[in-house]
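1. Return atomic coordinates for the entry below.
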Amino acid sequence: MAFDAAQYVTEEWTDDEAAVLRRYFTNLDGPVFALVNLPEVVKGALFARYSRSAKSLRRLFLDEFVGDLDVSGDLGVDATVGLARAEQLYDKVFFEYGDDSVAQLGGVHLACEQASNLLTKAIEWSRLMSYMEKSTRYVAYDARLGNGRYRYHRDPAVLDSPLGARFVGEMDRLFDAYAALLPDLQSHFARLHPKADGDSDFVWRQSVRAKAYDAVRGVLPAAATANLGIYASGQAYEALLVRLAAHPLPEARSYAQLMLTELRKVIPSWVKRVDVEDRGREWSAYLAETHAGMEDLAGSLFGPPPEPVAEVGGEPEVALVDWDPEGEVKVVASMLYPYTHLPETAVQDRVAAMSDAERLAVVDRYVGDRRNRRHKPGRALERTGYRFDVISDYGAFRDLQRHRLLTVEWQDLTPAHGYTLPEAVVAAGGGARYHEAMERSAALHGALQDRFGAAQAAYAVALAYRIRYAMQFNAREA
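-> From the prediction side, this is the model:
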């Protein structure tokens, strides 16, 4: 699928730059592209650097990586050329025989650029993938791109509607507010945390900037775009694409097609079933039908969503809603179980009869002497879990949602729960500007909600607005 040039900004390359890039990236102009013909350590390092750079991945590669690579043996390489013999083998084993496990044996580094914050959360719902996302804590969003645009997604349906001009204008004003607040917050934190003797100027400035970025990121709308680096197996990509094809957000569905196009250049057999009528499309249809059915049912049971509000919502709210009263006994029994030859019930009965001190001794022995955070206890701690109902600003939710083993379900992003106002913004004199931005966000959301529904209206919601979500995890992850 060709990308819509009206939605995405393309970069210009010199002939020499294009000749280099063509060897390592599956296209030179689209927002989605795969990395090939590079050592794994280089791909990983690129993605790590990517998360803290405002540059695109291809530009970052040219500016900071290609000079250290020996590319002399790659002069005849073209990343768009497939491997026909390997594909014939995988077609037979994976597609004809249906052995899905084969698609776990290889992976792809895929760069996903100019994706809205709503889309990155939809992508990162998948557990069996590795992600590196551009950080709002370490990268400023105050600069316009070469074409004069701020970094936010422009939904084609919204732009083509009577609300199109208002959407662009209000988005620009939110970014203007961010740009105006940023220097005030940097000055505030510079005064609050003066450079100490022995601190390097670079480290001090980076620290001050990070604090300022963190304080003002709540003004950015969920339409703000990020770059996302992904590494995953063919099987994980198949599941992701099928799920995105059923997503209520049009951006997710069209972006899935861009991803599929690039993945077919490097692992065509592993994503062959994604758009086959009685395979992937049937699976996507099932997901879309169940989503729509549950949305209708919940609406009939609980009524319409709450009205938007533009007011401070207070501190985060966290409620422990479910846990196992017998969790301690079960965990201690699980710690002992592999070291016995007894049924689990017998071990659990013995632990139930122990004193608190005896159980604590087992835990201490099992955990051992942890000298750093990488010394992790074993899986016995997965025997019990906890479920929390949480309201926090969307920025905090973004950070928590990416945990791999976490079970997380979130509600639509709206202004209904109010927004957080960092104390530093008030102290720096930016309170009025911040409040105005929140009011602008809520008003635009209301207009979009009436015309487009919850999924697309969420683009207008500033990251400072609070969202309700449930988090469930075991004791080991906690």
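2. Give me the contacts around stretch 150-158.
-> By CB atoms under 8 Å, 6 or more residues apart in numbering, the list of residues contacting stretch 150-158 from outside reads 4, 6-7, 114-116, 119, 141, 144-145, 164, 167-168, 171-172, 175, 221, 223-225, 250-251, 448, 452, 456, 459. Where you see a C-beta, it was placed from the backbone N, CA and C, and this is true even at glycine.
3. for the residue lying farthest from the centre of the chain, phi and psi?
-> In the chain, counting by CA atoms, centre = their mean, Ala353 sits farthest out from the average C-alpha position, at 45.5 Å. Per-residue torsions, Ala353: phi -90, psi -10 (degrees, to the nearest 10).
4. Not counting its own residues, what contacts the helix or strand containing His435?
-> Assessed by DSSP states H and E, His435 sits inside helix 431-452. Outside helix 431-452, the residues that touch it by CB under 8 Å, 6+ apart are 157-158, 161, 163, 166-167, 170, 173-174, 177-178, 180-181, 218-219, 221, 308-310, 414-415, 419, 421, 425, 456-462, 464-465.
5. make it 6 Å
-> Identification of contacts with helix 431-452 by CB atoms under 6 Å, 6 or more residues apart in numbering yields 163, 170, 174, 177, 219, 308, 310, 415, 419, 425, 457, 460-462.
6. Neighbour count and secondary structure added to these, as TSV?
-> Shown next, in TSV, are those (neighbours: other CB atoms under 10 Å; DSSP: H, G, I helix; E, B strand; the rest coil):
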residue	neighbour count	secondary structure
Leu163	19	coil
Glu170	21	helix
Leu174	24	helix
Ala177	22	helix
Val219	30	helix
Pro308	21	coil
Ala310	20	coil
Pro415	30	coil
Tyr419	28	strand
Val425	24	helix
Ala457	24	helix
Ala460	31	helix
Val461	29	coil
Ala462	31	strand
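7. Distance-wise, check Asn351 relative to Arg359.
-> Careful, residue 351 is Val and not Asn. Val351 sits 7 Å away from Arg359, going by CB to CB, to the nearest Å.
8. Going by residue numbers, what spans are strands in the protein?
-> Applying DSSP state E to the chain gives strands spanning 32-35, 107-116, 129-133, 225-233, 317-323, 385-393, 407-410, 466-474.
9. Nearest to Lys265 among the ones you listed would be which one?
-> strand 32-35 (6.5 Å; CB to CB).
10. State the mean pLDDT of that closest one.
-> Averaging pLDDT along strand 32-35 gives 91.
11. and it, how far from the chain's centre?
-> 17 Å (CA atoms, centre = their mean, to the nearest Å).
12. And for Gly198, the neighbour number?
-> When neighbours are defined as other CB atoms under 10 Å, Gly198 has 5 of them.
13. Correction: the previous question concerned Glu17.
-> By the criterion of other CB under 10 Å, Glu17 has 17 neighbours.
14. swap in Tyr469?
-> The local packing of Tyr469 (other CB under 10 Å) involves 17 other residues.
15. picking up where we left off before, just the buried ones among the contacts of stretch 150-158, please.
-> 7, 114-116, 119, 141, 167-168, 171, 175, 221, 223-225, 251, 448, 452, 456, 459 (16 or more other CB atoms under 10 Å).
16. Burial check on Ala245, number of neighbours?
-> With other CB under 10 Å as criterion, Ala245 counts 22.
17. distance of it from Ala19?
-> From Ala245 over to Ala19 (counting by CB to CB), the distance is 35 Å.
18. How about Arg149?
-> 29 Å.
19. When these two are compared, which one has more neighbours?
-> Arg149 (14 against 11).
20. Can you tell me how far the closest residue to the more buried one other than its chain neighbours is from Gly30?
-> Nearest residue to Arg149 in three dimensions, chain neighbours excluded: Val9, at 6.8 Å (CB to CB, 6 or more residues apart in numbering). According to CB to CB, Val9 stands 11 Å off from Gly30.
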